[in-house]
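1. Task: produce atomic coordinates for the following.
(2 chains)
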Number of protein chains: 2
Amino acid sequence: MAEKNSFRVFATCDIGEEAFGVLRKRGYKLEVYPGPEAPPKKLILEKVRSGIDGLITTLRDPIDAEVFEAGKGRLQVVAQIAVGFDNINRTDANRYGVPFTHTADVLTEATAEFAFFMMGALARKLWSSEQQVRQNLWGSWHPFLPFLGDEVTGKTIAIIGTGRIGQAMIRKCTGFDMNVLCFDPAYQDHGFVGRIQELMDFRHDRGLQKERTSIKYAKFEEALAAADFVSVHVPLIRPGEGDYPTLHLFNEKTFRLMKPTAYFVNTSRGPVVDEAALARALREKWITGAALDVYEKEPLPADSLLRDPQLEDRCRLFHHFASGGRITRLSANPDKGMAGRCVQGLVDVLERNYGGDISQMPYVVNKEAFLK
Amino acid sequence: MAEKNSFRVFATCDIGEEAFGVLRKRGYKLEVYPGPEAPPKKLILEKVRSGIDGLITTLRDPIDAEVFEAGKGRLQVVAQIAVGFDNINRTDANRYGVPFTHTADVLTEATAEFAFFMMGALARKLWSSEQQVRQNLWGSWHPFLPFLGDEVTGKTIAIIGTGRIGQAMIRKCTGFDMNVLCFDPAYQDHGFVGRIQELMDFRHDRGLQKERTSIKYAKFEEALAAADFVSVHVPLIRPGEGDYPTLHLFNEKTFRLMKPTAYFVNTSRGPVVDEAALARALREKWITGAALDVYEKEPLPADSLLRDPQLEDRCRLFHHFASGGRITRLSANPDKGMAGRCVQGLVDVLERNYGGDISQMPYVVNKEAFLK
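-> Numbering: from 1, shown residues only, chains lettered A, B, ... in the order given. Next comes the predicted model:
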């Protein structure tokens, strides 16, 4: 353990005693905003101005020139507990020479498994089934009344986006003997796809699945047209931000390509989906159902079309909760927990790990400002 | 296709047009009770007495000496659309020489996947998350408020009962890099366990899972003590019915063996669980949560202890719905659908398939009455 020191840190939210303990044991002076809501910006400025060395933030906290100006000469690092960092003005951070860190990678498995469970809860109608029990509607057994769900095992899934989370989703789908159609406009990992095909063959050859299954890259339109399930794992790229924009990638035109029996699952970013188009696709039964964890506007507005009571049996709505596992959020181990990765990012900068070369520190986002 | 014939069949419930079509195409005269509820026994007796050749039944219909007496000399087969047949008096069927059929096997994958999704919905708190959205309780993002779930990937599961459904559950768990502890009092399939271990090693060696995982048979107490998840897949065996009774296998003593962080999933038969003990285990936090699809009394009584509002966030309740997939229930393919298997069982007997040797017919339950 490093020798005791007396860095001052302000956290805009509680990230759990396990991770804070890491800082306290190292002698850090820690102040934590107590509320579940975001602190007012005025308070963040006040704390920064009072002379803190490190600031722990979340997506809700606007971190810009005003904040960096308030911390000038003292604030050394902003450690964000999130993968995204839309709230941090990168240009301003670079101008003031303040590195900021994020918590990528550790969310991969939690997010993929949540997508998988969303898919199952949707297709097998867990929500409607529990309503039957809790509202005492459950009558006598009948082969197909009051409703049936659809099986997942053995079906075909389209994975839109084959980065880390998309690949984790595919690894999980192999347990369910699913055929996989991959689409990614920017990145094709044929080595991974080859290894999954070997795994599928192994399962079949050992009698661990009845039917042979396959995985391959396909065109977007082909994947949508053939899939029983479509699961989205792309980053949000607005027009002008990259070669393959994903804003409203799912719209009236693309939902119409899907099978009327198909289900749609989104755990990526809300604006990848045109929600008005999705609501129409559900109402007019272009597709059978959808499960969403992310929305164009969050929290989901009370007047969202997705809340239509007519859609309730085939539209699952979650509160941006895919990374909401205890280990994923709170573990002090930086290879497992966002909290652990957040404090490690902060410690790296303040304690001058990696020989003090910020551009070498794994969790720093704006490395470009520190390249020698 | 067999030549046209004019067998008369009465079905106590609708089993779907796809399967009925098979009978109609073969010239059968078919009458179907229209209600979602069970027909009165008086009506069943009347129909049987009127001279039907085959009777299609479900778990709700009491089939005993009175029914067989009414069909004496004419009723040739009772085709039950269910795996269970507690409603059919086997002794009476044998005395009157009437074979009855059931629909085993086709439910395996649907039931195992439902158990898997129940486990995920429970641990990742899908029900509570959707309540946040639908009740407009969703506030701003926070690392652990209002609640977190627990990850499933990489955890240890105890599979209690390693018959067909237990094995299907294990095959699904391999996609989630889970360690598996097996327990079965009556039946150990070491060949299967060996193949799963090979599969786990293959995944690890190919870089498709980070950690090595393992599967093995364990003692009941060991399995319960070490598992993060316990999933039950045993038949119901009451004391005196077999060497290894399973009635109340899960009781105060056995729930206390589980970890306080563990989750319990039951898709087998309700009376395998002492529900009062489970409610106490949840209230007093001997375990973290439970998901049930079957109950000591079904439909679940309105005053069940499991409905305690204090337990709602950690007790998932489904309406005996694990086999409720469209293909599983309704496909006319006897290798896929209960309806298909049900009509095939009926056709086998009436049309004297297997050389008319009822003891050779795969879906007949009471073969003992027809052994030559």
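
2. these two touch, right, A:R195 and B:G207?
-> Yes: using Cβ atoms under 8 Å, A:R195 is in contact with B:G207, at 7.0 Å. In short, each C-beta sits where N, CA and C put it, glycine included.

3. Would you mind telling me which of these two has more residues around it?
-> A:R195 (19 against 10; other Cβ atoms under 10 Å in any protein chain shown).

4. any idea of the mean pLDDT for the helix or strand encompassing that one?
-> Using DSSP states H and E, the element containing A:R195 is helix A:190-205. Average pLDDT, helix A:190-205: 98.

5. and that helix, what does it pack onto?
-> Helix A:190-205 is packed against helix A:164-173, strand A:215-217, helix B:190-205, with contacts defined by 3 or more Cβ pairs under 8 Å, 6 or more residues apart in numbering or on different chains; DSSP states H and E.

6. 7 Å - rerun?
-> strand A:215-217, helix B:190-205 (3 or more Cβ pairs under 7 Å, 6 or more residues apart in numbering or on different chains; DSSP states H and E).

7. which parts of the stretch 151-300 of chain A sit against chain B?
-> Contact residues, the stretch 151-300 of chain A versus chain B (Cβ under 7 Å from any Cβ of the partner chain): A:151-153, A:171-176, A:195, A:198-199, A:202-203, A:206-208, A:299-300.

8. CA atoms of stretch A:303-321 as PDB?
-> What follows is stretch A:303-321, C-alpha atoms only, in PDB (Å, rounded to 0.1, in the frame of the first residue of the first chain):
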ATOM      1  CA  ASP A 303     -46.600  10.700 -21.600                       C
ATOM      2  CA  SER A 304     -44.400   8.300 -23.600                       C
ATOM      3  CA  LEU A 305     -46.200   6.400 -26.300                       C
ATOM      4  CA  LEU A 306     -44.500   3.300 -25.100                       C
ATOM      5  CA  ARG A 307     -46.700   3.400 -22.000                       C
ATOM      6  CA  ASP A 308     -49.800   2.800 -24.000                       C
ATOM      7  CA  PRO A 309     -51.800   0.300 -21.900                       C
ATOM      8  CA  GLN A 310     -52.700  -1.600 -25.100                       C
ATOM      9  CA  LEU A 311     -49.000  -2.500 -25.400                       C
ATOM     10  CA  GLU A 312     -48.300  -3.500 -21.800                       C
ATOM     11  CA  ASP A 313     -48.300  -7.200 -22.500                       C
ATOM     12  CA  ARG A 314     -45.700  -6.900 -25.200                       C
ATOM     13  CA  CYS A 315     -43.500  -3.900 -24.200                       C
ATOM     14  CA  ARG A 316     -41.100  -4.300 -21.300                       C
ATOM     15  CA  LEU A 317     -39.700  -1.100 -19.800                       C
ATOM     16  CA  PHE A 318     -36.700  -0.900 -17.500                       C
ATOM     17  CA  HIS A 319     -35.100   2.000 -15.800                       C
ATOM     18  CA  HIS A 320     -31.600   2.000 -17.500                       C
ATOM     19  CA  PHE A 321     -30.700  -0.800 -15.100                       C
END
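
9. near chain B, anything from it?
-> Yes: counting by Cβ under 7 Å from any Cβ, chain B has neighbours in stretch A:303-321: A:R316, A:L317, A:F318, A:H319, A:H320, A:F321.

10. OK, now which residue of the stretch 51-200 of chain A is nearest to chain B?
-> Closest residue of the stretch 51-200 of chain A to chain B, Cβ to the nearest Cβ: A:G175 (2.3 Å).

11. Can you name the helix or strand that A:A332 falls in?
-> Applying DSSP H and E, one finds A:A332 in no helix or strand.

12. ok so, going back, of the helices and strands packed on helix A:190-205, which is nearest A:V265?
-> Of all these, strand A:215-217 sits nearest to A:V265, with 17.9 Å by Cβ to Cβ.

13. In terms of secondary structure, what does that closest one contact?
-> Packed next to strand A:215-217, using 3+ Cβ pairs under 7 Å, 6+ apart, are strand A:179-183, helix A:190-205.

14. Tell me, how many residues neighbour A:P62?
-> A:P62, neighbours per other Cβ under 10 Å, totals 14.

15. oh sorry, the question was meant for A:V133
-> 23.

16. Next, the contact list for A:L145, please.
-> Taking Cβ atoms under 7 Å, 6 or more residues apart in numbering or on different chains as the criterion, A:L145 is in contact with B:P36.

17. now it, what's its secondary structure?
-> Secondary structure assignment for A:L145 (DSSP: H, G, I helix; E, B strand; the rest coil): coil.

18. which of the residues of stretch A:303-321 next to chain B sit farthest apart?
-> If you compare every pair in those using Cβ to Cβ, the most distant one turns out to be A:R316 and A:H320, at 13.4 Å.

19. okay, those two: which has more neighbours?
-> A:R316 (26 against 22).

20. who's the closest residue to the more buried one other than its chain neighbours bridged to?
-> Spatially, and ignoring its direct neighbours in sequence, A:R316 is nearest to A:A291 (3.8 Å; Cβ to Cβ, 6 or more residues apart in numbering or on different chains). Beta bridges link A:A291 to A:V265, A:R316, judged by DSSP bridges.

21. give the contact list for A:A291.
-> Contacts of A:A291 (Cβ under 7 Å, 6+ apart): A:M118, A:M119, A:A121, A:L122, A:V265, A:R316.

22. so the first one sits in a helix?
-> Yes: following the definition three-state DSSP, A:M118 is counted among the residues of a helix.

23. For it, which non-adjacent residue is spatially closest?
-> A:A291 is the one closest to A:M118 (Cβ to Cβ, 6+ apart), at 4.0 Å.

24. Save the helices and strands packed on strand A:215-217 as CSV, and put in distance to A:L224 too.
-> Output for the helices and strands packed on strand A:215-217, formatted as CSV (distance: least, Cβ to Cβ, whole Å):
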stretch, distance to A:L224
strand A:179-183, 8
helix A:190-205, 18
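
25. looking at the ones you listed, which is closest to A:L59?
-> Closest among these, using Cβ to Cβ: strand A:179-183, at 27.8 Å.

26. That closest one pairs with which strands, and in what direction?
-> Strand A:179-183 is paired, per DSSP bridges, with strand A:156-160 (parallel), strand A:215-217 (parallel).

27. which residues are contacting that strand?
-> By Cβ under 7 Å, 6+ apart, strand A:179-183 touches A:156-160, A:162, A:170, A:173, A:193, A:213-218, A:220, A:223, A:226-227.

28. Which of those residues are buried, as a ChimeraX select command?
-> Only the buried entries of the contacts of strand A:179-183 go into this ChimeraX selection, using 16 or more other Cβ atoms under 10 Å in any protein chain shown:
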select /A:156,157,158,159,160,162,170,173,193,213,215,217,218,220,223,226,227
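
29. one step back: dump the helices and strands packed on helix A:190-205 to a markdown table, plus distance to B:I52.
-> Supplementary listing: the helices and strands packed on helix A:190-205 in a markdown table, determined by distance: least, Cβ to Cβ, whole Å:
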| stretch | distance to B:I52 |
| --- | --- |
| strand A:215-217 | 50 |
| helix B:190-205 | 43 |
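
30. Select, out of these, the one closest to B:V9.
-> Taking the helices and strands packed on helix A:190-205 one by one with Cβ to Cβ, helix B:190-205 is closest: 39.2 Å.
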